[in-house]
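Novice: would you be able to build a 3D model of this:
(2 chains)
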Amino acid sequence: MNAISSFSADLLKLDCALETERITTAIREKVWRSFRKKGVVVALSGGIDSSVVGALAVKALGPERVLGLLLPERDSAPETFSLGRLIVRHLGIKSVQEEITGILESLGCYERRDDAIRIVIPEYGPDWKSKIVLPSILENGKYRLFSVVAESPDGSRFKARTTLDAYLGIVAATNFKQRVRKMLEYYHADRLNFAVAGTPNRLEYELGFFVKLGDGAADIKPIAHLYKSQVYQLAEFLELPEAICSRPPTTDTYSLAQTQEEFYFSMPLKTLDLILFGSEQGFSASEIAREVSLTVPQVEHVLDDIKAKRRVAQYLHAPPATMNEVALAH
Amino acid sequence: MNSEEPLMNSMNLKDEIRNFVISNFLFGEAEHLEDDTPFMENGIIDSTGILELVMFLETTYKIKIQNEEMLPQNFDSIERVARFVSKKVNNVPVSAANEITIAHL
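Specialist: Now for the predicted structure:
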């Protein structure tokens, strides 16, 4: 039993004004005083996380010290661009749009990905669309294996379980997208003497839903301590456009529409928020289960999954390991 | 049929699986790995490790593992994997997802 109080979703409610003040003060402190940078670059996907980070940066530094980057590519959803433009206008900031498809083609991103998909779906062609999915964590007691879902130009759908080489090949190729975006973010940051703001929320940060040296790289991560539901609270407090607040969280990485839930988290983010929060605060599985309307075994299964994801995240967060001792001849 | 009844040479099978686990997931460090050591709980195998194990078993023992069979009771220790493979090779029914009891609301 936890000492705070009985477990409830209300424990995640923020004092939004105070939290905004706290974060904006910290942004100024880090960007101006610690890093001696003039402002920040934020890549805007049209999703709620990057929009909240953009809004906090504007509150902290002023709109003239925030540059929004729109970095769509061939597989981006059409609304990524329109919602990105919407938040740029809403925040009153300057923006730069860079279409990254050409860079990704030069790197062989799409070709390498398609080759990896063909390991499990040999018919897969260049005009096809695809995504990777995981079964729901609540579905049953199985180990959950990734599958590739592919759609041919005539609309036929295929689904195949990935092999290890197919899975690793697809992920390695698509990771080019996050890394190319980060490279451009730092290009613009360098030319303006700005810092780069990362946009992970707490679920992504803690559970390793990011690409190392891709979207995982940044100088500040203003919302990495906030649960997803708290990001929504701040979005409302900051009066962000409804179209952005109501967009389902997406990976915006695969050519078929894919939510974060089906790719990585495997359950509604609101529920995962509460389970992660409950476990971090020391509440028991039965206390959490009552609040999220799941059974105790289901919550225990999610807690095991959180533990496994944290293990993966350890590597993702780790800085380069240096070999501190030196073996001298004498 | 008694699930403990040997269907293949279980010592050889266990040894082969043990060697694979030690070589691929423990990098040669076999300390504390018993036949019943749970893989997941001890961080021995992760989500990509499961894919690697499945590929090894399908290739080595010429079996086809179904999604429904991807259960901890079939895969979470050397003992369990050996029993599962032994049954698959001998066409004996194995645990599958529709056989287990998971409480739903």
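
Novice: ranges for the helices of the stretch 1-150 of chain A?
Specialist: Secondary structure of the stretch 1-150 of chain A (DSSP state H, counting those that start in this stretch): helices at A:16-28, A:48-61, A:78-91, A:101-107, A:109-117.

Novice: wait, which of those is closest to A:Leu240?
Specialist: Nearest of these to A:Leu240, taken as Cβ to Cβ: helix A:48-61 at 5.4 Å. Just so you know, the C-beta spots here come from the backbone N, C-alpha and C atoms, and that holds for glycine as well.

Novice: how far does stretch A:202-221 sit from its chain's centre?
Specialist: 7 Å (Cα atoms, centre = their mean, to the nearest Å).

Novice: in it, what counts as buried?
Specialist: Neighbour counts using 16 or more other Cβ atoms under 10 Å in any protein chain shown place A:202-211, A:214-221 of stretch A:202-221 among the buried residues.

Novice: returning to what we had before: most tightly packed of the helices of the stretch 1-150 of chain A?
Specialist: helix A:48-61 (a mean of 25; mean count of other Cβ atoms under 10 Å in any protein chain shown).

Novice: tell me which strands and helices that one is in contact with?
Specialist: helix A:16-28, strand A:40-43, strand A:66-70, helix A:78-91, helix A:228-237, helix A:242-245 (3 or more Cβ pairs under 8 Å, 6 or more residues apart in numbering or on different chains; DSSP states H and E).

Novice: which elements pack onto the third one?
Specialist: If contacts are counted by 3+ Cβ pairs under 8 Å, 6+ apart, strand A:66-70 sits against strand A:40-43, helix A:48-61, helix A:78-91, strand A:94-97, helix A:164-192.

Novice: mean pLDDT added to these, as a markdown table?
Specialist: Formatted as a markdown table, the helices and strands packed on strand A:66-70 follow (pLDDT from 0 to 100):
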| stretch | mean pLDDT |
| --- | --- |
| strand A:40-43 | 98 |
| helix A:48-61 | 98 |
| helix A:78-91 | 92 |
| strand A:94-97 | 98 |
| helix A:164-192 | 97 |
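
Novice: give me the below-cutoff pLDDT ranges for the chain.
Specialist: All of this is about chain A. A:1-5, A:137-142, A:251, A:260-266 (pLDDT under 70).

Novice: you looked at the wrong chain, it should be chain B
Specialist: For chain B (pLDDT under 70), the answer is B:1-11, B:97-105.

Novice: just the helices in it please.
Specialist: For chain B, the helices defined by DSSP state H occupy B:10-25, B:47-61, B:72-75, B:78-89.

Novice: kindly report the residues of the stretch 201-330 of chain A close to chain B.
Specialist: A:293-295, A:297-298, A:304, A:308, A:311-312 (Cβ under 8 Å from any Cβ of the partner chain).

Novice: at 6 Å instead, please
Specialist: A:295, A:311 (Cβ under 6 Å from any Cβ of the partner chain).

Novice: run a quick neighbour tally on the closest residue to chain B within the stretch 201-330 of chain A.
Specialist: Residue nearest to chain B within the stretch 201-330 of chain A (Cβ to the nearest Cβ): A:Thr295, separated by 4.3 Å. A:Thr295: 16 surrounding residues under other Cβ atoms under 10 Å in any protein chain shown.

Novice: and for A:Ile223?
Specialist: A:Ile223: 26 neighbours (other Cβ under 10 Å).

Novice: then B:Asn12?
Specialist: Neighbours of B:Asn12 (other Cβ under 10 Å): 10.

Novice: and it, how far from chain A?
Specialist: 25 Å (Cβ to the nearest Cβ, to the nearest Å).

Novice: follow-up on the earlier one: how about the helices and strands packed on helix A:48-61, which one is nearest A:Ala285?
Specialist: helix A:228-237 (20.1 Å).

Novice: dead centre of chain B: give me the residue that sits there.
Specialist: B:Val81 (2.1 Å; Cα atoms, centre = their mean).

Novice: still on that earlier bit, out of the helices of the stretch 1-150 of chain A, which is closest to A:Ser286?
Specialist: helix A:16-28 (30.3 Å).

Novice: ok, the closest residue in space to B:Ile45 that isn't next to it in sequence - how many residues close by?
Specialist: Among residues not flanking B:Ile45 along the chain, B:Phe39 sits closest, at 4.2 Å (Cβ to Cβ, 6 or more residues apart in numbering or on different chains). By other Cβ under 10 Å, 23 other residues sit near B:Phe39.

Novice: returning to that earlier point: my guess is the residue nearest to the centre of chain B contacts B:Ile17, does it?
Specialist: Yes - applying Cβ atoms under 6 Å as the test, B:Val81 and B:Ile17 come out as touching, 5.2 Å apart.

Novice: neighbours of the nearest residue to A:Ile103 once chain neighbours are set aside, how many?
Specialist: In space, and not counting its chain neighbours, A:Ile103 is closest to A:Val180: 5.3 Å by Cβ to Cβ, 6+ apart. Residues within reach of A:Val180, counting by other Cβ under 10 Å, total 21.

Novice: likewise for A:Pro320?
Specialist: 4.

Novice: for it, give me phi and psi.
Specialist: phi -60, psi 130 (degrees, to the nearest 10).

Novice: return the distance of it relative to A:Lys212.
Specialist: 11 Å (Cβ to Cβ, to the nearest Å).

Novice: identify the contacts common to these two.
Specialist: Common contacts of A:Pro320 and A:Lys212 (Cβ atoms under 6 Å, 6 or more residues apart in numbering or on different chains): none found.

Novice: sorry, back to before: the residue nearest to A:Ile103 reaches A:Thr101, doesn't it?
Specialist: No - assessed by Cβ under 6 Å, A:Val180 is found out of contact with A:Thr101, at 10.0 Å.

Novice: thanks a lot, catch you later.
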